[in-house]
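# the following block contains a protein sequence and its predicted model.
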Amino acid sequence: MPDTQLTTIDPAEVERFSRMAQEWWNPNGKFKPLHKFNPVRLGYIRDHVAEHFGRDPRASKPLEGLRFLDIGCGGGLLCEPMSRLGAEIVGADASALNIEVAKLHAAESGLTIDYRAETAEALADQGERFDVILNMEVVEHVADIDLFISKCAEMLKPGGIMFVATINRTLKAWGLAIIGAEYVLRWLPKGTHDFKKLVRPEELEGSLTSKGLFIKDRTGVTYNPLMDRWQRSRDMDVNYMVLAEKPRE
């Protein structure tokens with residue numbers, strides 16, 4: 001029997017994002033930074049999935065035949081482009097309101113996406129398995145990072161890969177991602193991020209490797225104000241992404 005006392009869910013975080021659920025698909029709304037961030041995330045995911053599974057990233061559907069999980073999917077900002085690229089995708093979020101918004105938008109877009117109001121531990125206990133797991137801007141909002149990573153790793157097929165994007169716990173990140181983005185520029189609602197819950201790369205990678213995964217790649221992501229866009233960078237002091245693989249059996 002699974003231990004029902006263990007959970008990755010932080011109720012306050014779920015409530016916060018549920019209150020903003022109707023804003024997900026407004027490119028100038030409360031999730032504007034994620035809309036701006038999406039191109040660099042999509043490019044990183046597409047290119048590495050194509051390389052790992054021997055696909056042509058320029059093909060119309062390079063992800064066809066691969067089963068994806070977008071855990072903490074919100075309103076589906078990543079699920080929809082992954083679906084268009086051919087992936088069979090499950091979008092899961094602890095907020096039922098987020099899932100309802102995601103379902104409605106997918107229907108309006110003519111896309112078939114398996115959206116579920118589920119936690120990582122519930123999916124893992126159901127025996128779900130995936131070729132690719134997208135774990136993007138989630139770990140800094142969960143109650144138990146180690147349990148969350150453990151359940152995600154459990155759902156990864158041998159030879160599968162997992163992407164994790166989050167924010168570093170540095171003074172630079174506090175100044176830019178919290179004070180700058182939330183209080184000065186007001187890109188995000190105040191209180192979106194708790195500095196104490198931010199995750200250093202070595203902590204994240206330590207959790208991933210302790211679950212039997214190995215690190216394939218890592219990159220920083222920085223904002224270029226002159227070009228008004230995000231881009232990959234060697235600078236991992238604030239935003240960064242890590243790619244991990246589960247060994248083949």
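Structure's in. What do you need?

# only C-alpha atoms from now on, for both contacts and neighbour counts.
Will do.

# check contacts around the residue most central in space within the chain.
The centroid of the chain falls nearest to residue 136 when counting by CA atoms, centre = their mean (1.5 Å). Shown in contact with residue 136 (CA atoms under 8 Å, 6 or more residues apart in numbering): 70-72, 163-166.

# so residue 157 lies in a strand, does it not?
Yes: assigned with DSSP: H, G, I helix; E, B strand; the rest coil, residue 157 falls within a strand.

# next, count neighbours for it.
20 (other CA atoms under 10 Å).

# and it, what pLDDT?
On pLDDT, residue 157 comes in at 98.

# surely it touches residue 127?
No: counting by CA atoms under 8 Å, residue 157 does not reach residue 127; the two are 11.0 Å apart.

# please go through the protein and pick out the longest helix.
Ranked by residue count under DSSP state H, the longest helix found in the chain is helix 32-52.

# that one: which residues count as buried?
For helix 32-52, a neighbour-count test (16 or more other CA atoms under 10 Å) marks 32-38, 41, 44-46, 48-50 as buried.

# now do the strands in the chain.
For the chain, the strands defined by DSSP state E cover 67-71, 88-92, 114-116, 130-136, 156-167, 214-224, 229-233, 239-245.

# tilt between the first one and strand 156-167?
The reference is to strand 67-71. 40 degrees (axes from the mean of the first three to the mean of the last three CA atoms, to 10 degrees).

# go on, the fourth one?
With the same axes, to 10 degrees as the criterion, the two stretches strand 130-136 and strand 156-167 enclose an angle of 10 degrees.

# surely residue 144 meets residue 8?
Yes: counting by CA under 8 Å, residue 144 does reach residue 8; the two are 5.0 Å apart.

# neighbour count: those two, which is higher?
When residue 144 and residue 8 are compared for neighbours, residue 8 comes out ahead with 20 against 16, by other CA under 10 Å.

# next up, phi/psi of the more buried one, please.
phi -90, psi 0 (degrees, to the nearest 10).

# mind listing what it touches?
Counting by CA under 8 Å, 6+ apart, residue 8 has contacts 119-121, 142-145, 147-148.

# show me the one in the residues you listed that has more neighbours than the rest.
Neighbour-wise, the contacts of residue 8 (other CA under 10 Å) top out at residue 120, 26 neighbours.

# residues touching that residue, list them.
So residue 120 contacts 8, 71, 92, 148, 151-152 (CA under 8 Å, 6+ apart).

# ok, it to residue 71 distance?
Residue 120 sits 7 Å away from residue 71, going by CA to CA, to the nearest Å.

# what's the overlap in contacts for those two?
Going by CA under 8 Å, 6+ apart, residues that sit against residue 120 and also against residue 71 are residue 92.

# so, low pLDDT: which residues of this structure?
Segments of the chain classed as low confidence (criterion: pLDDT under 70) are 1-6, 14, 16-21, 181-185, 187-189.

# try it again with 50
For the chain, residues meeting the criterion pLDDT under 50 lie at 1-4.

# any idea what residue 243 is bridged to?
residue 163, residue 217 (DSSP bridges).

# these two touch, right, it and residue 164?
Yes: Residue 243 lies in contact with residue 164 (CA under 8 Å); the separation is 6.4 Å.

# type out the PyMOL command that picks the buried ones from the contacts of residue 136.
Here is the PyMOL command that picks out the buried ones among those, judged by 16+ other CA under 10 Å:
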select buried, resi 70+71+72+163+164+165+166
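
# how about the buried residues of helix 32-52 in JSON lines, adding distance to residue 25?
Output for these, formatted as JSON lines (distance: CA to CA, whole Å):
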{"residue": "32", "distance to residue 25": "9"}
{"residue": "33", "distance to residue 25": "12"}
{"residue": "34", "distance to residue 25": "10"}
{"residue": "35", "distance to residue 25": "8"}
{"residue": "36", "distance to residue 25": "12"}
{"residue": "37", "distance to residue 25": "14"}
{"residue": "38", "distance to residue 25": "12"}
{"residue": "41", "distance to residue 25": "17"}
{"residue": "44", "distance to residue 25": "22"}
{"residue": "45", "distance to residue 25": "21"}
{"residue": "46", "distance to residue 25": "22"}
{"residue": "48", "distance to residue 25": "26"}
{"residue": "49", "distance to residue 25": "25"}
{"residue": "50", "distance to residue 25": "27"}
